[in-house]
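Asker: my questions concern the predicted model and sequence given below.
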Amino acid sequence: MKMSASKAMVECLKAEGINTVYGYPGAAICPFFDALLDEEGTIRNILVRHEANGGHAASGFARMTGRPQVCIATSGPGAVNLITAIATAYADSVPIIAITGQVATEQIGSDAFQEADITGAAEPFVKHSYLVKDAGEIPRIFKEAFYIAGSGRPGPVLIDVPVDVQKAEIDFEYPKQVKIRSYKPTIKGNAMQVKRVAKALKEAKRPLICIGGGVFASRATEEVRQLSEIMDIPVITTMMGISCFNDEDERFFGMIGTHGVKSANAAANDCDTLLLVGARVGDRAVNNPLKLEQSTTIIHMDIDPAEIGKNIGTDIPLVGNAKDVLAQLLKVVEPMEHKEWIAHLDGYRTKRKYNRPKKGTVDPRQFIEKLSEKMPANTTVVADVGQNQIWAATGYKLKAGGRFLTSGGMGTMGYSLPCAMGAKMTCPERTALQICGDGSFQMQFMEMATCVQYGINVKIVVMTNRRLGMVRELQDKLYDGRKVSVFLDGSPDFVKLAAAYGIPAMRVHDTKSMNKAIEALAGEDRLMLVEVCVDEDAPTL
Amino acid sequence: MKHTISVLVENHSGVLSRISGLFSRRGFNIESLAVGPTENPEVSRITIIADGDDHTVEQIEKQLNKLIEVIKVKSFRPSDCMARELMLLKVNATAEKRQEIMTICEITESKVIDLTVNTMTLEICDKYDHLVKFVALLEPYGIVEMVRTGTIAIQRGNETITK
């Protein structure tokens, strides 16, 4: 069928089942936006207030659906603003499709107005990218882009479309299949390797499973649960693996890492066999991989062969999709018992003690823990970056069915509100709880307007300590307490700021106001903000 | 240790920048990189000489394989392949030195491709080690300019990169 290329781009999105896009228009992407208007009923554009937030919103959406989602920006500054979101998605293997406008083909390379070489600039952070030179290629490129983003190890794909290409007339037919001879991700595990893994787990006296973001991405929660139950193996998670195992399970020992909990780190130290599932052994998760690989049999299961042997030496590599490979493994494993080992680990469990907070503040960890007791089970918790992230990651006790999203790999401040918006729009039945600090909130609070405009109900929690808390702590510990550029003086009154957007808000400064706020957060699904006043010296752990 | 890595890629614009970018951002050291078409016009072949231990080379291969447009990656041991590099070299050569340089050319099987009153331009195609020796032999005369293609390599016998 003959149509404009911009219309064809919209048809491609329709064919991929896209119903929401997060875009910010500009001259070089106008033809595409114009074509979107014709399909307003099918595809809704959410006008975010900053391009990066569009990318983060698509990321939240994609993580909850497991399918690629779309963000859009114009050429030059719009596209360059998207890079942070693209890099964030890349670091956490999130499938997003970034569509950018580009100056007209004949202007490329002339330093035209709002021209940026975005395919070049974003190259280190994309799974793949396209600069469309021939409008006729659009259907194939879109089909490939969605396939590449969503298959194998997911990741961002960028499609840069010059404005004249968008206006061209093409013969549209959406391809049914993708043919890329050089891209064939391994999904099923090698049968021999699966048997070796089963044998190693059987022989282990102190086995341990460490799950990462790969379990979330491949929806392998149930398979992990079964493996843990059948073989009686304790489970720990990386930050990206949080919410992939029931926090209330007796075999669960928490999050590993620099900011992890004692029981998880002790389990990793004491185990004799470690099964890593979709976890890439990042430096914040395991800060001494050499020591671990020397004392432990490492079984590494990952969909990306490049992750195996990259950060930690591996005794048994197993390439494949976590869900598929675990299903294969479950067919060959036998029931085991590890009572003594689990009892040994139980000895590391510590009950958290809270200090009496300074007047006018509450203990942030206590607030989070109490809040988690009251929140609905199906809450999507979205944590930002900094102390708030660790308080949420280690303090929030997720109930079965809960989800936890954060920027684990890139550590991008300002990720949480737009991500929570995307997550809420995908799963409106789930409560979206966003947790950030007063530093990160000021990188994203413009999105409150988007929430108001489109009626996106996010429960916003801002932990205010008038500091960049994690950096402050670092300076205290490693720089002789020489605090520099961590003071957030001049910040607005967040309750009044929310009021300016017409968003109901309250402040937590003592037990009474804490209980009231928790009740409101756990209650009616609505857009609201809670500012939690926190001691400026409150520790992360 | 030096490694010879051959890479078949889709002949698209931008592929080379993806590959060279990958090397620089992952901290891999490239000694040389040569690229050209193959028997199939849709496919280009890149030969990379990289420095690093086995772990680094394994990572290089795996990261290259992740690029969508990379069709095949294979690293060769020196004993498995024949490697050649072309070099053009301009050397100071006054009339009284010409004969000496001609002798070097004869022994090294290189050619004189240009001659002026005070320079000679030589062409040699050989393996890396031989080029190093060749340069050393000519250094005393004063090398004016030198240009090299980078090493290309092909496997011995019936073996091919795709087989």
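Answerer: Structure received.

Asker: C-alpha only now, for contacts and for neighbours.
Answerer: Will do.

Asker: with only the CA atoms kept, save whichever strand or helix holds residue A:78 in CSV.
Answerer: Here residue A:78 sits within helix A:77-91, counting by DSSP states H and E. Output of helix A:77-91 as CSV, limited to C-alpha atoms (Å, rounded to 0.1, in the frame of the first residue of the first chain):
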residue,chain,number,x,y,z
PRO,A,77,19.5,18.5,21.4
GLY,A,78,16.4,16.3,21.6
ALA,A,79,18.3,13.3,20.5
VAL,A,80,21.3,14.1,22.6
ASN,A,81,19.1,14.5,25.7
LEU,A,82,17.9,10.9,25.0
ILE,A,83,21.3,9.5,25.4
THR,A,84,21.2,9.3,29.2
ALA,A,85,18.0,7.2,28.9
ILE,A,86,19.5,5.0,26.2
ALA,A,87,22.6,4.4,28.3
THR,A,88,20.5,3.7,31.3
ALA,A,89,18.5,1.1,29.4
TYR,A,90,21.6,-0.4,28.0
ALA,A,91,23.2,-0.9,31.4
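
Asker: which outside residues touch the following helix or strand past it?
Answerer: Once the chain leaves helix A:77-91, the next helix or strand it forms, by DSSP H and E, is strand A:96-102. Under the criterion Cα atoms under 8 Å, 6 or more residues apart in numbering or on different chains, residues A:28-29, A:55, A:58-59, A:62, A:68-76, A:78-79, A:86, A:89, A:115-116, A:145-146, A:149, A:155-163 lie in contact with strand A:96-102.

Asker: the residues you listed in helices, which ones?
Answerer: The members of the contacts of strand A:96-102 that map onto helices under DSSP state H are A:55, A:58, A:59, A:62, A:78, A:79, A:86, A:89, A:145, A:146, A:149, A:163.

Asker: quick one on the thing from earlier: and the contacts of strand A:96-102, which are buried?
Answerer: Among those, those classed as buried by 16 or more other Cα atoms under 10 Å in any protein chain shown are A:28-29, A:55, A:58-59, A:62, A:68-76, A:78-79, A:86, A:89, A:115-116, A:145-146, A:149, A:155-163.

Asker: and the pLDDT at whichever residue of chain B sits closest to chain A?
Answerer: Distances between chain B and chain A by Cα to the nearest Cα are smallest at residue B:71, namely 4.5 Å. Predicted confidence (pLDDT) for residue B:71: 96.

Asker: which residues touch it?
Answerer: Taking Cα under 8 Å, 6+ apart as the test, what residue B:71 contacts is A:181, A:182, A:183, B:7, B:8, B:9, B:10, B:65.

Asker: what is the burial count for the residue in the stretch 301-450 of chain A that chain B sits nearest to?
Answerer: Of all residues in the stretch 301-450 of chain A, residue A:306 sits closest to chain B, at 5.0 Å by Cα to the nearest Cα. Using other Cα atoms under 10 Å in any protein chain shown, residue A:306 has 20 neighbouring residues.

Asker: what does residue A:102 give?
Answerer: For residue A:102, the neighbour count with other Cα under 10 Å is 31.

Asker: now the residue of the stretch 301-450 of chain A closest to chain B. Nearest residue, chain neighbours left out?
Answerer: Counting by Cα to Cα, 6 or more residues apart in numbering or on different chains, the nearest residue to residue A:306 once its immediate chain neighbours are dropped is residue B:62, at 5.0 Å.

Asker: count residues in the vicinity of residue A:192, would you?
Answerer: Neighbours around residue A:192, by other Cα under 10 Å: 10.

Asker: next one: residue A:438
Answerer: Counted with other Cα under 10 Å, residues neighbouring residue A:438 total 25.

Asker: list the residues that contact the closest residue to it other than its chain neighbours.
Answerer: Spatial nearest neighbour of residue A:438, excluding adjacent residues (Cα to Cα, 6+ apart): residue A:464 at 5.0 Å. Applying Cα under 8 Å, 6+ apart to residue A:464 gives the contacts A:437, A:438, A:531, A:532, A:533, A:534.

Asker: count the neighbours of the first one for me.
Answerer: The local packing of residue A:437 (other Cα under 10 Å) involves 28 other residues.

Asker: just to revisit the earlier point, three-state assignment of the residue of the stretch 301-450 of chain A closest to chain B?
Answerer: For residue A:306, the assignment made with DSSP: H, G, I helix; E, B strand; the rest coil gives helix.

Asker: domain map for the chain?
Answerer: Defaulting to chain A. A:2-171, A:191-346, A:364-533 (automatic domain parsing).

Asker: actually, chain B is the one I wanted.
Answerer: According to automatic domain parsing, the ranges for chain B are B:2-76, B:82-152.

Asker: how about those domains in CSV, adding distance to residue A:391?
Answerer: Converted to CSV, the domains of chain B look like this (distance: least, Cα to Cα, whole Å):
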stretch, distance to residue A:391
domain B:2-76, 33
domain B:82-152, 54
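
Asker: and chain B, which of its residues are near chain A?
Answerer: B:18, B:21-22, B:25, B:59, B:62-63, B:66-72 (Cα under 8 Å from any Cα of the partner chain).

Asker: re earlier: the contacts of residue A:464 in helices, which ones?
Answerer: Per DSSP H, those map to helices at residue A:438.

Asker: what are the ranges of the strands in the stretch 1-150 of chain A?
Answerer: A:2-4, A:20-23, A:44-46, A:69-73, A:96-102, A:128-131 (DSSP state E, counting those that start in this stretch).

Asker: residue A:527 is nearest to which of the ones you listed?
Answerer: strand A:44-46 (16.6 Å; Cα to Cα).

Asker: adjacent strands (with direction) for the closest one?
Answerer: Using DSSP bridges, strand A:44-46 pairs in its sheet with strand A:20-23 (parallel).

Asker: follow-up on the earlier one: surely the residue nearest to residue A:306 and residue A:308 touch.
Answerer: No - judged on Cα atoms under 8 Å, residue B:62 makes no contact with residue A:308 at a distance of 9.5 Å.

Asker: which of those two has more residues huddled nearby?
Answerer: residue A:308 (24 against 18).

Asker: for the more buried one, report the pLDDT, please.
Answerer: Turning to residue A:308, the model gives it a pLDDT of 94.

Asker: now do residue A:286
Answerer: So residue A:286 comes in at 88 (pLDDT).

Asker: name the strands paired with the lengthiest strand in chain B and say parallel or antiparallel.
Answerer: The strand that spans the most residues within chain B, counting by DSSP state E, is strand B:81-92. Sheet pairing of strand B:81-92 (DSSP bridges) gives strand B:119-126 (antiparallel), strand B:143-148 (antiparallel), strand B:152-155 (antiparallel).

Asker: list the contacts of that strand.
Answerer: Under the criterion Cα under 8 Å, 6+ apart, residues B:118-128, B:131, B:138, B:141-156 lie in contact with strand B:81-92.

Asker: can you name the residue of the stretch 151-300 of chain A nearest to chain B?
Answerer: Among all residues of the stretch 151-300 of chain A, residue A:182 sits closest to chain B, at 4.5 Å; criterion: Cα to the nearest Cα.

Asker: I figured that residue hits residue B:73, correct?
Answerer: No - Residue A:182 is not in contact with residue B:73 according to Cα under 8 Å; the separation is 10.7 Å.
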